[in-house]
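Colleague: When you get a sec, could you give me coordinates for this:
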Amino acid sequence: MRKSSAAITTRQARIAWLPAGETDRYRPVRPLLKGCMARKTTVPRIEEQVRVGKRSAVTSRVRVRKTVRQRTQRLDIPLKRDQAVVRRVPVNRVVAGPVAVRQEGRVTIVPVLEEVPVVTTQLVLKEELHIEMRTSKVAARRDVVLRSENVKVTRDGEPQRPRSE
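Modeller: Below is the predicted model of the structure:
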């Protein structure tokens, strides 16, 4: 370009045909662009795009082994034992009708009736059973079997190390 008072400077000419804001981006190709300006050819602009994705991948395997161990242990277990003590009490009394079972404290009284043939039939209370409940605690010793589980986890390809318990 020639310089004249009405002419544009070379720098202004270079900036004028480039897109706005992209003056220094094409510095390495300016010599090529000068020739292109005269022929009005276009320079393709290439852009790369990246797509990022993910997928599952097996990196290692794990093996789990469980064993059950049994051991016998002696336990002292407090037990409760109920014992019924039956005492027969003779009564031999005539009653008008059936007598109900009754409770006197810790003693349960069960009447025992008998029909006796007379000119007329009448009920005679022959005896009563007095049942008393006695509770005692007894220590018992039993052998019981207890089980526990051990689990061992190993990775394939990993060296075996002794495990302290």
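
Colleague: so who does Val107 touch?
Modeller: His130, Ile131, Glu132 (CB atoms under 8 Å, 6 or more residues apart in numbering). Glycine gets a C-beta too; all of them are placed from N, C-alpha and C.

Colleague: How far off centre is the strand or helix carrying Lys126?
Modeller: Under the criterion of DSSP states H and E, Lys126 resides in strand 122-155. Distance of strand 122-155 from the chain centroid (CA atoms, centre = their mean, to the nearest Å) equals 34 Å.

Colleague: Would you mark the buried spots in that strand?
Modeller: Leu123, Leu125, Glu127, Glu128, Ile131 (16 or more other CB atoms under 10 Å).

Colleague: In terms of secondary structure, what does it contact?
Modeller: strand 62-95, strand 107-116 (3 or more CB pairs under 8 Å, 6 or more residues apart in numbering; DSSP states H and E).

Colleague: What residues sit buried inside the next helix or strand after the first one?
Modeller: What it means is strand 62-95. Tracing the chain past strand 62-95, the next element assigned as helix or strand by DSSP H and E is strand 102-104. Neighbour-count burial for strand 102-104, counted by 16+ other CB under 10 Å, picks out no residue.

Colleague: rewinding a little: what would the helices and strands packed on strand 122-155 look like in CSV with distance to Arg51 and mean pLDDT?
Modeller: Below are the helices and strands packed on strand 122-155 laid out as CSV (distance: least, CB to CB, whole Å; pLDDT from 0 to 100):
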stretch, distance to Arg51, mean pLDDT
strand 62-95, 33, 91
strand 107-116, 89, 91
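
Colleague: Identify whichever of those strands lies nearest to Arg141.
Modeller: strand 62-95 (5.9 Å; CB to CB).

Colleague: Return the list of strands paired to the closest one, each annotated with direction.
Modeller: Looking at strand 62-95 with DSSP bridges, its partner strands are strand 122-155 (antiparallel).
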